[in-house]
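>>> Quick one: sequence and predicted model below, then my questions.
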Amino acid sequence: MAVGYEYKVIELREGLLGGKMSGDKLEKILNEHAGDGWQLRAITAVEVKGRIGPGGVDGVLVTLERIRP
């Protein structure tokens, strides 16, 4: 029987007007999801479209993976 996987993508940004991504914040989120069996698959830097004006803010997409229960 083949092993199945499931994925979760989390969008992280520090605030509506941007700002530096906190390593502590990212670590806390990863540890919380690790407790549920999720493993880090990838982190991708992105420009997240904001609700204020035409521009966006810097953020990251965190892709997690785990074996399907």
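All right, it came through fine.
>>> part of a helix, is L26?
Yes - per DSSP: H, G, I helix; E, B strand; the rest coil, L26 lies within a helix segment.
>>> measure the residue sitting nearest the centre point of the chain to V3 for me?
By C-alpha atoms, centre = their mean, the chain has its centre lying nearest to V62, at 2.7 Å. The spacing between V62 and V3, counted by C-beta to C-beta, to the nearest Å, is 22 Å. For the C-beta atoms, the positions are set from N, CA and C on the backbone; glycine is no exception.
>>> Check G59 too.
Relative to V3, G59 is positioned 31 Å away (C-beta to C-beta).
>>> higher neighbour count, the two?
With neighbours defined as other C-beta atoms under 10 Å, G59 and V3 compare such that G59 has more, 21 against 6.
>>> which SS class is that one?
State at G59, reduced to three classes by three-state DSSP: strand.
>>> can you list the residues that contact the helix or strand that N31 is a member of?
When secondary structure is defined using DSSP states H and E, the element that contains N31 is helix 23-34. The contact list for helix 23-34 (C-beta atoms under 8 Å, 6 or more residues apart in numbering) reads 8, 10, 12, 14, 40, 60, 62, 64.
>>> and that helix, how far out from the chain's middle?
10 Å (C-alpha atoms, centre = their mean, to the nearest Å).
>>> which residues does G59 bridge with?
In this entry, G59 is beta-bridged to V46, by DSSP bridges.
>>> No more questions from me, cheers.
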